[in-house]
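1. missing the sequence, but the structure's below:
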Ligand code: CA
């Protein structure tokens, strides 16, 4: 099966580099040079992944990302951003982008991220069909993680987690007390094998997860930081 990648980027030289390298790896590509055209192509042609620049004419990348997610479109979105735009990466992830890559990017890192995000999106969200309520549950004190329904309850109230936040929580919780580096978390939760590059997306996702999960995100009781090493789930 040939995977389709939609490139939404107004700098022609970058589009050319992306198209060349993606085609050489066997991807089919489509291009849009402004946000509105990108959104239309994304909705009409159902690409397997979208490479999305942030600073675009017509609609910027944030608006495109938000519009897609608001319409229930879950196509993986990889934001392409300039190095100075640290805040933009965070906002992009909060609007539902899956990951970002910084300009100037290494082609190797870009291809690794494209591949991992497509493979991840093609995996079934629900590992095994359980038998309804009660099925595949992990009970951890005040938290109940249900793998069948991909849902989490804290003190019996449902938490609204994104799939990535759910996967991060599930991964750490099933290895309680074990510390994982950002690199290891990228490999397991983001499915990047071997080459990872920029791992700050882990910190952003941990921060968002804490805001939803913790009583006081500044004093976490579930997702803990081991300074200089990484993160772990506290068994309580
Ligand atoms: Ca641009």
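-> Right, received. Where do you want to start? As the structure is a computational prediction, the values presented were derived from the model and not from experiment.

2. who does the residue lying closest to residue 137 once chain neighbours are set aside form a beta bridge with?
-> Nearest non-adjacent residue to residue 137, counting by Cβ to Cβ, 6 or more residues apart in numbering: residue 146, 5.1 Å away. From N, CA and C alone the C-beta is placed, and that goes for glycine too. When bridges are assigned using DSSP bridges, the partners listed for residue 146 are residue 137, residue 151.

3. what's the spacing between residue 184 and the ion?
-> Residue 184 is 33 Å from the ion, where distance means Cβ to the ion, to the nearest Å.

4. wait, is that residue part of a helix?
-> Yes - when classified by DSSP: H, G, I helix; E, B strand; the rest coil, residue 184 is found to be part of a helix.

5. from memory it sits against residue 230, does it?
-> Yes - because the distance of 7.0 Å satisfies Cβ atoms under 8 Å, residue 184 is recorded as touching residue 230.

6. these two: who's more crowded?
-> Neighbour totals were compared for residue 184 and residue 230, and residue 230 leads with 20 against 17 (other Cβ atoms under 10 Å).

7. is the more buried one in a bridge, and if so with what?
-> residue 226.

8. tell me which residues touch it, please.
-> Residue 230 sits next to 179-182, 184-185 when contact means Cβ atoms under 8 Å, 6 or more residues apart in numbering.

9. my read: residue 78 touches residue 102, true?
-> No - taking Cβ under 8 Å as the definition, residue 78 is not a contact partner of residue 102, at 11.2 Å.

10. and the contacts of the helix ranked longest in the chain?
-> As assigned by DSSP state H, the longest helix anywhere in the chain is helix 107-122. Helix 107-122 has contacts (Cβ under 8 Å, 6+ apart) with 3, 5, 17-18, 21-22, 25, 27, 48-49, 51, 74-76, 78, 98-99, 101, 190-198.

11. can you select the buried ones from these in ChimeraX?
-> For anyone working in ChimeraX, the buried entries among the contacts of helix 107-122, judged by 16 or more other Cβ atoms under 10 Å, can be selected with:
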select :3,5,17,18,21,22,27,48,49,51,75,76,78,98,99,101,190,191,192,196,197,198
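
12. how many other residues sit next to the nearest residue to residue 6 once chain neighbours are set aside?
-> Closest residue to residue 6 apart from its sequence neighbours, by Cβ to Cβ, 6+ apart: residue 47 at 3.9 Å. Counted with other Cβ under 10 Å, the neighbours of residue 47 add up to 22.
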